[in-house]
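Trainee: fold the following and give me the result.
(one chain, ligands or ions: 1)
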Amino acid sequence: MALNKRFLDQPGTNGDAGYARNDQYNAATVKSIADKYRDILRDLGENPNREGLEKTPERVAKALQFLTHGYQLDPAEILRSAMFNEEYQQMVIVKDIELYSLCEHHVLPFFGKCHIAYIPKGRIVGLSKLPRVVDAFARRLQVQERLTVDIRNCIEETLKPQGVAVVIEAQHMCMVMRGIQKQHSIATTSAFTGEFNTDKTRAEFLRLIGR
Ligand SMILES: [Zn+2]
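Mentor: Numbers count the residues shown, from 1 in each chain. Predicted coordinates for the structure are as follows:
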């Protein structure tokens, strides 16, 4: 299934199999996307053969593969690769995680910040893995609402903590650049489980992330 397994097997960088940044591209997929993109440029009234656009279809094909490389990643496996038994039972927060995604309705970027908290129940996870989980879900065609819930569910089901909280604040280029052109509006979504469904814990989390 060449189209399904779009990237070559070896990851491009540090050998963290399964979730390293992919800098290598499947040649057949690049060609397939690029050929179609040449037609799109023509449909837009452009001349795909002029100098500045000559290599654009290939660049777009590679950019699209990179921007959706989350399909190649297994977010639960990212967490499982760094879980440790630990009796710590207080809230763990990683805030201001940079987030870049593509809205599935317009294939335009939305980007912003993700804040994650969990309260362990016998197990903790390496802190650097939480931003990787965000990336694994964000680097796909998404809507902000589902992205928020995907991240929450992955942590909940893999780590089985006392509770998980996820808040995402993002700007959507499909709102900024087209349609209603609301340049400064930010969409906020949140998803909670367990302890974070109690007012006290949720309020503490929101205070700690500065909301
Ligand atoms: Zn959109």
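
Trainee: for the residue most central in space within the chain, what are phi and psi?
Mentor: In the chain, the centroid-proximal residue (C-alpha atoms, centre = their mean) is residue 138; its distance is 1.4 Å. Main-chain dihedrals, residue 138, degrees, to the nearest 10: phi -70, psi -30.

Trainee: contacts only, for the nearest residue to residue 143 once chain neighbours are set aside.
Mentor: Distance criterion C-beta to C-beta, 6 or more residues apart in numbering; nearest residue to residue 143, sequence neighbours excluded, is residue 104 at 6.0 Å. (Glycine included, C-beta is placed from N, CA and C.) Counting by C-beta atoms under 8 Å, 6 or more residues apart in numbering, residue 104 touches 141-143.

Trainee: distance of residue 104 from residue 173?
Mentor: Per C-beta to C-beta, to the nearest Å, residue 104 is found 13 Å from residue 173.

Trainee: and this protein, which residues reach the ion?
Mentor: Residues of the chain that fall close to the ion, judged by C-beta under 5 Å from the ion: 103, 105-106, 174.

Trainee: which residues in the protein form helices?
Mentor: Using DSSP state H, the helices of the chain run over 27-43, 56-67, 75-80, 129-138, 144-159, 173-176, 199-208.

Trainee: got a markdown table for these, with mean pLDDT too?
Mentor: Below are the helices of the chain laid out as a markdown table (pLDDT from 0 to 100):
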| stretch | mean pLDDT |
| --- | --- |
| helix 27-43 | 97 |
| helix 56-67 | 96 |
| helix 75-80 | 97 |
| helix 129-138 | 98 |
| helix 144-159 | 98 |
| helix 173-176 | 90 |
| helix 199-208 | 96 |
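
Trainee: so which of the ones you listed is the most packed in?
Mentor: The highest average neighbour count among these, using mean count of other C-beta atoms under 10 Å, belongs to helix 129-138 at a mean of 23.

Trainee: so how far is it off the chain centroid?
Mentor: Its chain's average C-alpha position is 6 Å from that of helix 129-138, according to C-alpha atoms, centre = their mean, to the nearest Å.

Trainee: and residue 177, how far is that from residue 43?
Mentor: Separation of residue 177 from residue 43 (C-beta to C-beta) stands at 20 Å.

Trainee: how many neighbours does the residue nearest to residue 202 when sequence neighbours are not counted have?
Mentor: In space, and not counting its chain neighbours, residue 202 is closest to residue 196: 5.1 Å by C-beta to C-beta, 6+ apart. Neighbours of residue 196 under the rule other C-beta atoms under 10 Å: 26.

Trainee: next, the residue of the chain positioned farthest from its centre: phi, psi?
Mentor: Computed with C-alpha atoms, centre = their mean, the maximum C-alpha offset from the centroid of the chain is found at residue 50, amounting to 34.5 Å. In terms of degrees, to the nearest 10, the main-chain angles of residue 50 are phi -70, psi 160.

Trainee: distance check, it against the ion.
Mentor: According to C-beta to the ion, to the nearest Å, residue 50 and the ion sit 30 Å apart.

Trainee: over to residue 202?
Mentor: As judged by C-beta to the ion, residue 202 and the ion stand 29 Å apart.

Trainee: contacting residues around that residue?
Mentor: Neighbouring residues of residue 202 by C-beta under 8 Å, 6+ apart: 165, 192, 196.
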